[in-house]
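J.: model this:
(2 chains)
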Amino acid sequence: MIHFVVLISRQGKVRLTKWYSPYSQKERTKVIRELSGLVLNRGPKLSNFVEWRGLKVVYKRYASLYFCMCIDPEDNELEILEIIHHYVEILDRYFGSVCELDLIYNFHKAYYVLDELLIAGELQESSKKTIARLIAAQDSLVEAAKEEANSISNIIAQATK
Amino acid sequence: MNPFSSGTRLRDMIRAIRACKTAAEERAVVRKECAAIRAAINENDQEYRHRNLAKLMFIHMLGYPTHFGQMECLKLIASAGFPEKRIGYLGLMLLLDERQEVLMLVTNSLKQDLNHNNQYIVGLALCALGNICSAEMARDLAPEVERLLQFRDPNIRKKAALCSIRIIKKVPDLAENFINPTASLLKEKHHGVLITGIQLCTDLCKLCPEALEYFRKRCTEGLVKTLKDIANSPYAPEYDIAGITDPFLHIRLLRLLRVLGQGDADASDCMNDILAQVATKTESNKNAGNAILYECVETIMSIEDNGGLRVLAINILGRFLSNRDNNIRYVALNMLMKAMSVDTQAVQRHRATILECVKDSDASIRKRALELVYLLVNETNVKPLTKELIDYLEVSELEFKGDLTAKICSIVEKFSPEKIWYIDQMLKVLSEAGNFVKDDVCHALIVLISNASDLHGYTVRALYRAFQASSEQESLVRVAVWCIGEYGDLLVNNVGMLDIEDPITVTESDAVDVVETAMKRDTSDLTTKAMALIALLKLSSRFPSCSERIREIIVQHKGNFVLELQQRSIEFNSVLEKHKNIRSALVERMPVLDEATFSGRKAGSMALTVSASPASSLKVPNGTAKPLAAPLVDLLDLSSDDAPAPSSSGGDFLQDLLGVDLAPASTPSSTSLATKAGADALLDLLSIGSTPVPSSSPAVDIFSLTEDKKPPVTTTLDGLSSPSAPPPHAASQPAAAPILDLLDGLSSSPPAPVDNGTSPAYPSIVAFESSYLRINFSFTKPTGNLQATEIQATFTNLSQNVYTDFIFQAAVPKFLQLHLDPASGNTLSAGGNESIKQTLRITNSQHGKKSLVMRIRITYKMNGKDMLEEGQINNFPREL
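T.: Numbering: from 1, shown residues only, chains lettered A, B, ... in the order given. Predicted coordinates for the structure are as follows:
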């Protein structure tokens, strides 16, 4: 099971955190500080796995971002690498060649994508197409609601003119 | 409109925060935004609620407190529209965790949303539930989730499946309800549903044996077929990764098959073919393929034995191990560790490669490889492996040295074929990484050196050389100082040269130089300095020519701020100056240290159960046989400087030299016992009885030794004491008591005859007896003080179980004063063949008017269970 997902920039800034196991706010801050120290200092040629507090952290760097997932020691580390890649590819499709800024300004969307990919620390969907379709459907629901709200406020505005 | 909330958009806030040059600036921006959001919350602003929550989430991610926004999440979730719910659930998952009470408030909204007619809203609720639900929520909402497992849209079914995993993990009792719906998920074609269904099935099987049985019987074949289909499926662009159709599904299927096949030959048989196919046909040039192979190997290793498959699996691991990709090598090492229990020989074949991995630049790989090497060591390969590891110790990184040193020491200790090899290897480790060597390893080494009498000369010379080469390793210095103190004469005279040695010329003053250097090193700690002082004292007798110089060095510490060093310095100085006649006897070479005692004590102190009774009482005869042997310990403990050399118990001085007073770590009780034993023997030899002497187990042993020599006397004495012994309350005791008591009289009454000359004997009593435990008291009175009584308590285990953490407590009325000495141990072995002894000293201020009375309470652990026994003792002899 995946205990948490953290995205850290090369400068150590947190870009996304998702916790599937209970960690208090205090622990979360501590965990992130510890992990960024561990992961950011590793050389480029080394393995993508770090043993940490009896668990394992699988990380992979994409451009300036480190994607880290913490798993149980008996989980398949190589598969987690695939899941990370899977996530990155979906983000890439969704944002159209994603970059760190996309994830900063649209962090909530990165979360929505992640929620379609993982629940309870387990993989939910292996098809990128399905995930893209589900996200798009929900986005259009939001858009529709927005337009409706706009049109209502227009009607009110005109009525009160 | 609210003047605050109209403020900035989310994007503007993020931009403002990113524009900050300093942390203080950022804090200011965040503070301002938080104030605005709070104001909006207070005004119950609805229009911008979702924007404010989004801002809060960003602020939360930066690490600022955002608890005041938690209720906003609930409000958003409770509102009707999808956009509000979407952001509300996101906030809920981000800002709250399952341990917060607020979460309970959301249960009702969740329930409504799980029944919503918009499937996307159902999806949001399932997702939130799956990520943060608590046990109570799981119980409340399980029926909804169970129903959703059969929902028409597969995307809801898959979410419900993962949500069920969370629920059964939180409340395992609910697992049974999910067995049937899960079974139908396994037959699905939709990959998302299949993946999640298989995952749910795996977790069910782990939690619930009935589920495992059910799925093993009904689903194994179906799952094997699914795996076969997916492995042979043609190119499917939607699920393709590196030429493999849905590796995620592959992996989950393999994992579930592993759970089903483990411990069941039929199920394992059923999956052999497909496992062989996956193991041979999967492409291993991409990560996805390797992930599948890795999973497949683990399944093959775990299911019931099939020789052919295992060979296949080990070969895959061999290929992995020689892969250039660090990730692949890491998982190979990981898996070989598991393979050790299945096929040690096969893993041994890869020893050389694994050893190379210990030297890898990647800390993760090094750590795995070291653990594996540690498992691989056996009697036949210990020499080459140790050599490799020690060679590597020289060049390894600093932070790895600790781990590596500990492992090497452990290997050497466990598998050393001969003593000289042990000593050689340990010397190498000490000179290379002595600062990482633990104290107990040094102790073990000293014990071993002391036992290898033919190697004393060799060792001390080797240590001398090593010290000359590197004196900055603390442990090396300690061992060297100890050995030079003990065997300094062998060093100077080149005694016991081995053929392999180069002769060296060391003068007496060279040897003293070494100890002096150790004394004066800035980095030497207290223990090392104290050991150096003792070594100097010993050398003063070995090298009479250097005696004056040694005295000068010792005297320098007369004013040391550390009490221990000051005391030793002054005492030793007085030994050197005033007591030349006893000096040579005092500083004689230590008797051979008992390895069994040491290892026994080591094991004991590891388990935090210090039991000194069996081993150290065995040692005492050794002490009496050589009454004048090295009584350093006793010297330190006796208050009178003029005391003639007492006898010593050989067993514990190592402890005393290395540990007592400086590091009160391992065995306080055994050391005090040893010193007491010495004191006892002293009294015995000289018949001085001025102070009350606590008689402890070694003392008893000494007496029993005398007893052996003079059987008639003892028997008569016993005959005298035993019949007079029946306890006043014997009638109330079980019938066996008098007989047992007679037997006990043999072991506990001998002190009485010896003391006969000075004080009257008192019958010993059975103070307490239950079906588990018996306590005997025997009494001695010091002469000249009628009020004082010394009670020797003997605890005997009457059951067939070992007692640990044994603690005896006693309370007395006000007219009595009670002092308890430490017990001889806290572990009581079964069957009554060994006992714990403890000395109690009582002063009776109403002597002659009132007799003794005592309340007792005994706690101990039997089979890990806490036991408590209580009682009152009224049957003390009246004249006490």
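
J.: now B:N381: closest residue in space that isn't a chain neighbour?
T.: B:R351 (7.1 Å; Cβ to Cβ, 6 or more residues apart in numbering or on different chains). Using the backbone N, CA and C atoms, a C-beta is placed for each residue, glycine as well.

J.: right, I mislabeled it, should have said B:S322
T.: Going by Cβ to Cβ, 6+ apart, B:S322 has B:T353 as its nearest residue, at 6.6 Å.

J.: what about the residue nearest to B:N381, how many residues nearby?
T.: 17 (other Cβ atoms under 10 Å in any protein chain shown).

J.: related to what we said a few turns ago, buried set for the one helix or strand the residue nearest to B:S322 maps to?
T.: Using DSSP states H and E, B:T353 falls within helix B:351-358. Using 16 or more other Cβ atoms under 10 Å in any protein chain shown as the test for burial, helix B:351-358 gives B:R351, B:T353, B:I354, B:L355, B:C357, B:V358.

J.: for stretch B:578-585, same thing?
T.: Buried residues in stretch B:578-585 (16+ other Cβ under 10 Å): B:H579, B:I582, B:R583, B:A585.

J.: for the longest helix seen in chain A, name the packing helices and strands.
T.: Longest helix in chain A by number of residues (criterion: DSSP state H): helix A:128-160. Here helix A:128-160 touches helix A:77-95, helix A:107-117, helix B:82-95, helix B:119-132, going by 3 or more Cβ pairs under 8 Å, 6 or more residues apart in numbering or on different chains; DSSP states H and E.

J.: now do that helix and helix B:82-95, the angle between them.
T.: Angle of helix A:128-160 versus helix B:82-95, following axes from the mean of the first three to the mean of the last three Cα atoms, to 10 degrees, is 120 degrees.

J.: using the three-state scheme, assign B:I807.
T.: Here B:I807 is recorded as strand under DSSP: H, G, I helix; E, B strand; the rest coil.

J.: off-centre distance for the helix or strand harbouring B:Y487?
T.: In this structure, B:Y487 sits in helix B:474-493 according to DSSP H and E. Averaged C-alpha coordinates place helix B:474-493 at 32 Å from its chain's average position (Cα atoms, centre = their mean, to the nearest Å).

J.: re earlier: among the helices and strands packed on helix A:128-160, which is the most enclosed?
T.: helix B:119-132 (a mean of 25; mean count of other Cβ atoms under 10 Å in any protein chain shown).

J.: that one near chain A at all?
T.: Yes: contact of helix B:119-132 with chain A (Cβ under 8 Å from any Cβ of the partner chain) involves B:Y120, B:G123, B:L126, B:C127, B:G130, B:N131.

J.: what is the helix or strand hosting B:L74 packed up against?
T.: Element membership of B:L74, judged by DSSP H and E, is helix B:70-78. Packing contacts for helix B:70-78, counted by 3+ Cβ pairs under 8 Å, 6+ apart, involve helix B:49-61, helix B:82-95, helix B:107-114.

J.: then the shortest one to CSV, C-alphas only?
T.: Only the C-alpha atoms of helix B:107-114 are listed here, as CSV (Å, rounded to 0.1, in the frame of the first residue of the first chain):
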residue,chain,number,x,y,z
THR,B,107,-20.7,11.2,7.9
ASN,B,108,-24.2,12.3,7.2
SER,B,109,-23.3,14.3,4.1
LEU,B,110,-21.2,11.3,2.9
LYS,B,111,-24.2,9.0,3.3
GLN,B,112,-26.4,11.3,1.2
ASP,B,113,-23.8,11.7,-1.5
LEU,B,114,-23.2,8.0,-1.7
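
J.: export the helix holding B:T353 as PDB, just CAs?
T.: Listed in PDB are the C-alpha atoms of helix B:351-358, where the atom choice follows Å, rounded to 0.1, in the frame of the first residue of the first chain:
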ATOM      1  CA  ARG B 351      28.300 -14.500  -3.300                       C
ATOM      2  CA  ALA B 352      31.000 -12.800  -5.200                       C
ATOM      3  CA  THR B 353      28.500 -10.500  -6.900                       C
ATOM      4  CA  ILE B 354      26.800  -9.700  -3.700                       C
ATOM      5  CA  LEU B 355      30.100  -8.900  -2.100                       C
ATOM      6  CA  GLU B 356      30.700  -6.400  -4.800                       C
ATOM      7  CA  CYS B 357      27.400  -4.800  -4.100                       C
ATOM      8  CA  VAL B 358      28.600  -4.100  -0.500                       C
END
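
J.: before we move on, back to that, now the longest helix of chain A: buried residues?
T.: Of the residues in helix A:128-160, A:K128, A:T130, A:I131, A:L134, A:I135, A:Q138, A:L141, A:V142 count as buried by neighbour count, 16+ other Cβ under 10 Å.

J.: how much space between the nearest residue to B:C34 once chain neighbours are set aside and chain A?
T.: If the residues on either side of it in the chain are set aside, B:C34 comes closest to B:I59, at 6.7 Å by Cβ to Cβ, 6+ apart. The gap separating B:I59 from chain A is 11 Å, by Cβ to the nearest Cβ, to the nearest Å.

J.: next, count neighbours for B:I59.
T.: 21.

J.: for A:S97, same thing?
T.: 8.

J.: swap in A:K161?
T.: Summarising burial for A:K161: neighbours were counted as other Cβ under 10 Å, giving 5.

J.: swap in B:V377?
T.: 20.

J.: measure it to chain A for me?
T.: For B:V377, the distance to chain A (Cβ to the nearest Cβ) stands at 22 Å.

J.: what residues are up against that residue?
T.: Contacts for B:V377 (Cβ atoms under 8 Å, 6 or more residues apart in numbering or on different chains) come out as B:L385, B:T386, B:I411, B:K414, B:F415.

J.: with distance to chain A, secondary structure and pLDDT added, can I get these in JSON lines?
T.: As requested, the contacts of B:V377 are exported to JSON lines (distance: Cβ to the nearest Cβ, whole Å; DSSP: H, G, I helix; E, B strand; the rest coil; pLDDT from 0 to 100):
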{"residue": "B:L385", "distance to chain A": "23", "secondary structure": "helix", "pLDDT": "84"}
{"residue": "B:T386", "distance to chain A": "25", "secondary structure": "helix", "pLDDT": "87"}
{"residue": "B:I411", "distance to chain A": "22", "secondary structure": "helix", "pLDDT": "86"}
{"residue": "B:K414", "distance to chain A": "25", "secondary structure": "helix", "pLDDT": "84"}
{"residue": "B:F415", "distance to chain A": "27", "secondary structure": "helix", "pLDDT": "85"}
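
J.: thanks a lot, see you next time.
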